[in-house]
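J.: below are the sequence and a predicted model for it; my questions follow.
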Amino acid sequence: MTLLVYLVRPDAALLPTAAFAIRHFGRLRALAAFGGALLAGLTVWWLLAWNYYGTPLPLPFYQKTLGFSPYGESVARAALVQKVRQFGTFAFFAAPIAWIALFGKGRRRLDLLGAAALFASYHLLFTREIMGYHGRFYLPALPFLLLAAAGSWATFERGAVRQRAFALLWLLAAGIAYGLGAVETHRLGLHQALPWTVWLAWSAALILLVTGPRGLPWLQRGIPAAAALAAVALYPPTAGFQLKSDAAILRQHAGEFTTVRGIYDLRRCLPDLHTLYHSEMGIPGLLFPDARVVDLVGLLSNAVALEHEDFETMCQRDRPEAIFLPHRGYATLRARIEASPCFRNYQRMVDQSSAPLYVRRDLAQRLLSCAREIQRWQDHVRGASRDEAR
């Protein structure tokens, strides 16, 4: 699924382009023909996208690319920490595959390896990996690495000493990185956690594959599969797993994150709501299908992402009934919004939330008079505060 979604990003063209350029390096006629065909195809796509979406490239491409991204310094610092961890995760899973490919013969493996290396380097240097969980930005390079390794395996398996040496060094480095938190581990929060059994399965499969018995190909092929199955069996299952309706999943998701706290009260108490501001589009869009939901960050807003329209102008024009401040990771954007004169016309509804809900003052009493979840949450917060005071 990640590979399919990635195909809409223009930088996916780097992989086949780099592979072709490496293979035909110095052959100007072939490179010119390929470049012309690529440019023609991309131009048609850009024109179609521009006509339909109003922008030739997906807005997340602008938002997550250095030089285009309008994110503040707080987001940039957080993205850098995530980049180190996510690239480390990708590198440790990709390293054994690349190592195998290095010992093959022929130009084809070099084309594939070079394309994968250039693609990964591009993202490492130029992408702000916001929500790049499990190294997903680098994932499209894996098929190229796998193809290169597959063609090199026959040569590689004859070098028993270097196989064992690499497996030992890789396992040692992976263990240190895991212990230091330089890669994704099971200790991280939701979305970023990578079960320890994934690391166990990959480590066991690699060690057994490169040090296992020779002359028994059926056993060598079965070892990685057995390790993967064992890892699945060891991972604790989710308690009480059951299929749920869309509404139940939506309610559960809303309860797990504080970014939408109060949104169900908002839907029930202000059914005629026309405009809502938020930095998270999923739940607001599903709960308010007939309202205008404005993305404060710009992933779904040309005006914010490309025209850099300021909050004060938007707020004075739209007079939204409700505003969820961007979650606390967007510290710079939040500060600009809170300093806006228009924002003074809004009253905070929820005390503790990473994206607190504000309602226009002329609607605040109407919301509070029928709110249920907001009141329950406020009572819970006050009770917890009294307990701490004791």
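T.: Done, it's in.
J.: pLDDT below threshold where in the stretch 251-390 of the chain?
T.: 377-390 (pLDDT under 70).
J.: all strands for it, in order.
T.: Using DSSP state E, counting those that start in this stretch, the strands of the stretch 251-390 of the chain run over 275-278, 292-295, 322-324, 346-348, 357-360.
J.: outside of the fourth one, which residues touch it?
T.: Translated: strand 346-348. Contact with strand 346-348 is made by Ile323, Pro356, Leu357, Tyr358, Val359, Arg360, Arg361, Ala364, as judged by CB atoms under 8 Å, 6 or more residues apart in numbering. C-beta: built from backbone N, CA, C; applies to glycine.
J.: figure out how far that strand is from the centre of its chain.
T.: 32 Å (CA atoms, centre = their mean, to the nearest Å).
J.: and if you look at the last one?
T.: Taking the mean of its C-alpha atoms, strand 357-360 sits 29 Å from the chain's own mean (CA atoms, centre = their mean).
J.: again, but for the first one
T.: The chain centroid and the centroid of strand 275-278 are separated by 23 Å under CA atoms, centre = their mean.
J.: adjacent strands (with direction) for it?
T.: strand 292-295 (parallel), strand 322-324 (parallel) (DSSP bridges).
J.: just say which of the ones you listed is most tucked in.
T.: Comparing the strands paired with strand 275-278 by mean neighbour count (mean count of other CB atoms under 10 Å), strand 322-324 ranks first with a mean of 26.
J.: adding distance to Tyr52, write the strands paired with strand 275-278 out as TSV.
T.: As requested, these are arranged in TSV below (distance: least, CB to CB, whole Å):
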stretch	distance to Tyr52
strand 292-295	18
strand 322-324	29
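J.: which of those sits closest to Met314?
T.: strand 292-295 (7.0 Å; CB to CB).
J.: give me the contact list for the closest one.
T.: 274-279, 281, 284-285, 301, 304, 314, 318, 320.
J.: so which bits of the longest helix seen in the chain are buried?
T.: Identified as the longest helix of the chain according to DSSP state H is helix 73-102. Residues of helix 73-102 classed as buried: 74-75, 78-79, 82-83, 85-101 (neighbour count, 16 or more other CB atoms under 10 Å).
J.: now that helix: how far from the chain's centre is it?
T.: With CA atoms, centre = their mean, you get 13 Å for helix 73-102.
J.: what mean pLDDT does that helix get?
T.: Across helix 73-102, the average pLDDT comes to 82.
J.: export only the CA atoms of the helix or strand following that helix, formatted as CSV.
T.: Next along the chain after helix 73-102, taking DSSP states H and E as the criterion, comes helix 107-126. Output of helix 107-126 as CSV, limited to C-alpha atoms (Å, rounded to 0.1, in the frame of the first residue of the first chain):
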residue,chain,number,x,y,z
ARG,A,107,26.3,-4.2,-14.4
ARG,A,108,22.6,-4.8,-13.5
ARG,A,109,23.2,-5.0,-9.8
LEU,A,110,25.2,-1.7,-9.8
ASP,A,111,22.3,0.0,-11.7
LEU,A,112,19.8,-1.1,-9.1
LEU,A,113,22.1,-0.4,-6.1
GLY,A,114,23.0,3.0,-7.4
ALA,A,115,19.3,3.9,-7.9
ALA,A,116,18.4,2.8,-4.4
ALA,A,117,21.3,4.7,-2.9
LEU,A,118,20.5,7.9,-4.7
PHE,A,119,16.8,7.7,-3.8
ALA,A,120,17.6,7.1,-0.1
SER,A,121,20.1,9.9,-0.1
TYR,A,122,17.6,12.3,-1.6
HIS,A,123,15.1,11.7,1.1
LEU,A,124,17.8,11.7,3.8
LEU,A,125,19.0,15.2,2.7
PHE,A,126,15.9,17.0,1.4
